[in-house]
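In: return a 3D structure for these sequence lines:
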Amino acid sequence: MYELISGLAPYHDVSHDESLAIKICLGLRPRFNIEVPQLIVHLIKRCLDENPLKRPTADEIANILCSWYVEFNSQMELKQKIKESKEINNKILGDSSISSTSSPLSYKTHSRAIYTSRLINFNNLPESKNSDDYYNLYDDIISKEYSSN
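Out: Coordinates of the predicted model:
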């Protein structure tokens, strides 16, 4: 979900190593480089909860998205929030009339960012948790603790 909205693979700019695994266990989550409507941020945060039992199922996500679609067609407030997000993103990313051959969301992937299945054997990882301020942040999905990383 994060990748579809942001156009970025999670943690594309850092090495996928034991250090990243530890930070994720301690509450690190991907950061948006664009404006995202708040209700979508809340859904993403649920999807990234450290406790798998608190994450929504695929059926729940489908139902949520369907309800948003129905609301979108009947609710001006939701339409306005999406319009505002698009306007902000156009300012962040530049002119939206850029040709499809040069994406405004193009990025370089870290040479040690690996997105294929592989066996990872990290010993002594800390117990997984959400960051202490994870649910208190409403404008982003990342902890302030990790905002400089």
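In: which stretches of this protein have low pLDDT?
Out: Of all residues in the chain, those with pLDDT under 70 make up the ranges 33, 74-78, 92-107, 131-149.
In: quick one: the helices in it, in order.
Out: Taking DSSP state H to define them, one finds helices in the chain at 2-6, 18-25, 38-47, 58-74, 76-93.
In: can you tell me which of these comes nearest to Phe32?
Out: Phe32 sits nearest to helix 2-6 of all the helices of the chain, at 5.5 Å, using C-beta to C-beta. Every C-beta, even on glycine, is put in place using the N, C-alpha and C of the backbone.
In: okay, the closest one in PDB with CA atoms only?
Out: The C-alpha coordinates for helix 2-6 follow below in PDB (Å, rounded to 0.1, in the frame of the first residue of the first chain):
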ATOM      1  CA  TYR A   2       2.800   2.400   0.900                       C
ATOM      2  CA  GLU A   3       4.600   1.700  -2.400                       C
ATOM      3  CA  LEU A   4       1.400   2.200  -4.500                       C
ATOM      4  CA  ILE A   5       0.700   5.600  -2.900                       C
ATOM      5  CA  SER A   6       4.300   7.000  -2.600                       C
END
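In: identify each buried residue in that helix, please.
Out: Counting neighbours by 16 or more other C-beta atoms under 10 Å, one finds that the buried residues in helix 2-6 are 2, 6.
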